[in-house]
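Visitor: coordinates for the following, if possible.
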Amino acid sequence: MSQSGNNAVGVDNTFRKKFDKEEYLQRAREREQQTQTKAPPVQRKPLKHRDYEVDLESRLGKTQVVTPIAPLSQQAGYYCSVCECVVKDSANYLDHINGKKHQRALGMSMRVERASLQQVQDRFELLKKRKVPGSFTEQEFDERLLKQQQEEEERRRQRRERKKEKKKEKVVEEEPELDPDVAAMMGFGGFRSSKK
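Guide: Residues are numbered from 1 along each chain as shown. Predicted coordinates:
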């Protein structure tokens with residue numbers, strides 16, 4: 001059995017996928033054009049302080065009937081109108097309103113604006129003016145500290161006295177009352193050891 005030269009023996013690899021380089025180059029060009037035509041990324045405002053008070057205690061201790069057909073805003077829990085979601089407890093609600101998703105929905109980034117030296121100085125001046133003059137002095141601090149130390153010492157002294165009283169009561173309770181006649185008949189004066 002001899003093989004002829006024109007009959008090639010090998011593996012049939014006609015099932016392999018053939019890549020059309022031109023087609024993929026065209027797709028890459030289209031993708032590149034789409035990214036160039038997109039709008040620039042949205043510039044978000046830096047984080048700022050909340051200008052409203054978060055109400056966590058208005059429904060504290062109240063009972064509410066929960067129905068599955070009620071709108072989100074009337075379901076049990078805390079409703080966020082910005083994100084249109086319901087959060088079941090106050091801790092998670094605070095996490096939500098301080099979180100990235102909620103802040104983005106408000107149009108803010110999670111970055112804080114850097115304050116200048118002048119802004120910091122102005123803020124200190126404002127806080128100094130807001131402080132009631134004469135409300136707190138160093139002398140008052142020393143007096144309050146001394147008073148607190150004296151109260152603490154008094155509490156320790158009372159605690160030691162209570163411990164001593166308890167020990168005395170315990171010793172009295174441990175000594176059983178013996179009838180002297182019975183003790184003499186048995187041949188001993190008490191249950192104490194001779195060691196002291």
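
Visitor: C85 bridge partners, please.
Guide: C80 (DSSP bridges).

Visitor: mind pulling the model confidence for it?
Guide: Listed pLDDT for C85 reads 91.

Visitor: do the one 5 residues further on as well
Guide: According to the model's per-residue confidence, S90 sits at a pLDDT of 88.

Visitor: which residue sits closest to it, ignoring its sequence neighbours?
Guide: L56 (4.6 Å; CB to CB, 6 or more residues apart in numbering). No exception for glycine: its C-beta is placed from N, CA and C like everyone else's.

Visitor: my guess is that neighbour contacts Y93. True?
Guide: Yes - if you go by CB atoms under 8 Å, L56 and Y93 touch, sitting 7.2 Å apart.

Visitor: and for the two, which residues touch both?
Guide: Y78 (CB atoms under 8 Å, 6 or more residues apart in numbering).

Visitor: look at those two and report which has more neighbours.
Guide: Y93 (19 against 13; other CB atoms under 10 Å).

Visitor: helix, strand or coil: sort out that one for me.
Guide: helix (DSSP: H, G, I helix; E, B strand; the rest coil).

Visitor: got the contact list for the residue nearest to it when sequence neighbours are not counted?
Guide: Distance criterion CB to CB, 6+ apart; nearest residue to Y93, sequence neighbours excluded, is Y78 at 3.9 Å. Contacts of Y78 were listed using CB under 8 Å, 6+ apart, and they are L56, V86, V87, K88, D89, S90, Y93.

Visitor: if I pick the fifth one, what's in contact with it?
Guide: Put plainly, it is D89. D89 neighbours (CB under 8 Å, 6+ apart): G77, Y78.
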